[in-house]
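Participant: fold the following, please.
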Amino acid sequence: MLDAADAAATTAGRRRKSGKGQGFRLSAPDRRALESHSVGMATAYFEADEWAVKDVGAKESYDLLLTRGDERLHVEVKGTTSEGAQVILTRAEVERQRELAPANALVVVHSIDLDRSASPPVASGGVLHCTSPWRIAEEDLTVVSYVYRPGGT
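Facilitator: This next block holds a predicted model:
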């Protein structure tokens, strides 16, 4: 949430002061370590349930495409060092997952340990929670940023 709030404040021309939460911002290497670790945990989780797993995150607005016989499942994966009470979703992620429901899932890996003493940072541990099918209700979403075009341009 801090990264999204920072992006919103930057867009608005304001600097965000540190607030409650983890007390630090994640760098690009931190985010890559969290993402790689959480996708790896999700992959192992689904493979243990006999799904064939393909990482499609580089070309799709979701992370994993699962197949098992005629079944297909489209999975969004989020990793966080927090307790996972909330995660940031892009507009594209929400729209695509709504299109794919009920053949979809959200995997949140929370409480990940992040070792910044290593270069690059190393993520480990965490608790995996899977929601499938994942139906996204409006009341579960909070707007954190808008883009405004002054003068209608």
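Participant: CA atoms for contacts and neighbours, from now on please.
Facilitator: OK.
Participant: low-confidence stretches in the chain?
Facilitator: 1-24, 152-153 (pLDDT under 70).
Participant: and the helices in it?
Facilitator: 2-11, 28-47, 91-100 (DSSP state H).
Participant: which of those is buried the deepest?
Facilitator: helix 28-47 (a mean of 18; mean count of other C-alpha atoms under 10 Å).
Participant: and the end-to-end length of stretch 138-151?
Facilitator: 29 Å (C-alpha to C-alpha, to the nearest Å).
Participant: what are the buried residues along it?
Facilitator: Of the residues in stretch 138-151, none has enough neighbours to count as buried (16 or more other C-alpha atoms under 10 Å).
Participant: repeat for stretch 67-87
Facilitator: Buried residues in stretch 67-87 (16+ other C-alpha under 10 Å): 67, 73-82, 84.
Participant: returning to what we had before: to residue 123, which of the helices of the chain lies closest?
Facilitator: Of all the helices of the chain, helix 28-47 sits nearest to residue 123, with 5.6 Å by C-alpha to C-alpha.
Participant: which secondary structure elements does the closest one contact?
Facilitator: Counting contacts by 3 or more C-alpha pairs under 8 Å, 6 or more residues apart in numbering; DSSP states H and E, helix 28-47 packs against strand 52-55, strand 71-79, strand 104-110, strand 122-124.
Participant: cutoff 7 Å now
Facilitator: strand 71-79, strand 122-124 (3 or more C-alpha pairs under 7 Å, 6 or more residues apart in numbering; DSSP states H and E).
Participant: who's in contact with it?
Facilitator: 53, 77-80, 107, 109, 120-124 (C-alpha atoms under 7 Å, 6 or more residues apart in numbering).
Participant: export only the CA atoms of it, formatted as PDB.
Facilitator: Output of helix 28-47 as PDB, limited to C-alpha atoms (Å, rounded to 0.1, in the frame of the first residue of the first chain):
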ATOM      1  CA  ALA A  28      12.900  -2.800  -7.300                       C
ATOM      2  CA  PRO A  29      15.200  -5.700  -6.200                       C
ATOM      3  CA  ASP A  30      13.100  -6.200  -3.100                       C
ATOM      4  CA  ARG A  31       9.900  -6.500  -5.200                       C
ATOM      5  CA  ARG A  32      11.600  -8.900  -7.600                       C
ATOM      6  CA  ALA A  33      12.700 -11.100  -4.700                       C
ATOM      7  CA  LEU A  34       9.200 -11.100  -3.200                       C
ATOM      8  CA  GLU A  35       7.500 -11.800  -6.600                       C
ATOM      9  CA  SER A  36       9.900 -14.600  -7.500                       C
ATOM     10  CA  HIS A  37       9.600 -16.300  -4.100                       C
ATOM     11  CA  SER A  38       5.800 -16.000  -4.000                       C
ATOM     12  CA  VAL A  39       5.400 -17.300  -7.600                       C
ATOM     13  CA  GLY A  40       7.700 -20.200  -6.700                       C
ATOM     14  CA  MET A  41       5.600 -21.100  -3.700                       C
ATOM     15  CA  ALA A  42       2.400 -20.900  -5.700                       C
ATOM     16  CA  THR A  43       3.900 -23.100  -8.400                       C
ATOM     17  CA  ALA A  44       4.800 -25.700  -5.900                       C
ATOM     18  CA  TYR A  45       1.400 -25.500  -4.300                       C
ATOM     19  CA  PHE A  46      -0.400 -26.200  -7.500                       C
ATOM     20  CA  GLU A  47       2.000 -28.800  -8.800                       C
END
